[in-house]
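1. My questions are about this predicted structure, shown below with the sequence.
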Amino acid sequence: MGVFLPTYFSPIFQFSNIIKFNKIIFENEDNFQKQSYRNRCYIYGPNGKQMLNIPIKKNTNLEKQKTKDTLVDNSLKWQDQHFKSLKASYNCSPFFEFFEDDLQKIFTKKYRYLNDINLDTFLFLLDALQLEVSHKNTNEYQKNKMKNDFRDIANIKQEINKPFPKYIQVFTEKHGFIPNLSTLDLLFMEGPNAISFLS
């Protein structure tokens, strides 16, 4: 059983570790941290690596805010912007059209909490890749590192020493291969064959 932080359309390195397990635990009691994949993902845009960031409502209390209590700022039309960016980047990719309708549901559903978005994006990826991984949430924060603990890879600044298997990306000829983008990038380019790159 692996332990992970829920992230927004998980980066490939995280998702490749998630699928090693039949069951995973999502850390549900940690404090929200900026500079993490909790509320952002990276795609391959026409100008190279492009960030899609979910705006978060600022916590007015002095206390630290738990990720599970983090609210999304829907006053900014982030869902429209993210979906338009994905279409602009991947409309010509081999498999985008196969997943477009299901993907659009995430960008038309109204969310209050960040964790609800992250869970839906996790379930979307599982369904798209036809994988079965059961999950549950922690009830209390575990300070000490646990067995099969992958919480740290949700940190954007975490160095990853593992080489990435290369696949053709939408703008490879312009900007070269960009590793560890959102798993969406791999899915739209490789479809069902994405599993062989994740395994």
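-> Nice, I can see it.
2. just the strands in the chain please.
-> 2-4, 23-26, 40-45, 48-53, 134-137 (DSSP state E).
3. Need the ones you listed in TSV (columns: mean pLDDT and distance to Phe171).
-> In this view, the C-beta of every residue, glycine as well, is placed from N, C-alpha and C. Shown next, in TSV, are the strands of the chain (pLDDT from 0 to 100; distance: least, C-beta to C-beta, whole Å):
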stretch	mean pLDDT	distance to Phe171
strand 2-4	94	29
strand 23-26	95	32
strand 40-45	98	6
strand 48-53	97	7
strand 134-137	94	33
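4. Leu71 contacts Leu114, correct?
-> Yes: between Leu71 and Leu114 there is a contact under C-beta atoms under 8 Å: 7.3 Å.
5. okay, and the common contacts of those two?
-> Ile56 (C-beta atoms under 8 Å, 6 or more residues apart in numbering).
6. And the two? Which one has more around it.
-> Counted by other C-beta atoms under 10 Å, Leu71 and Leu114 do not tie: Leu114 has more neighbours, with 22 against 14.
7. Using CSV, write out every CA atom in the lowest-mean-pLDDT helix or strand in the chain.
-> When the helices and strands of the chain are compared on mean pLDDT, DSSP states H and E, helix 172-175 comes out lowest with a mean of 92. The C-alpha trace of helix 172-175 is given here as CSV (Å, rounded to 0.1, in the frame of the first residue of the first chain):
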residue,chain,number,x,y,z
THR,A,172,8.6,17.8,-29.7
GLU,A,173,10.0,19.2,-32.9
LYS,A,174,9.9,22.7,-31.6
HIS,A,175,11.0,22.3,-28.0
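8. Good, we can wrap up now.
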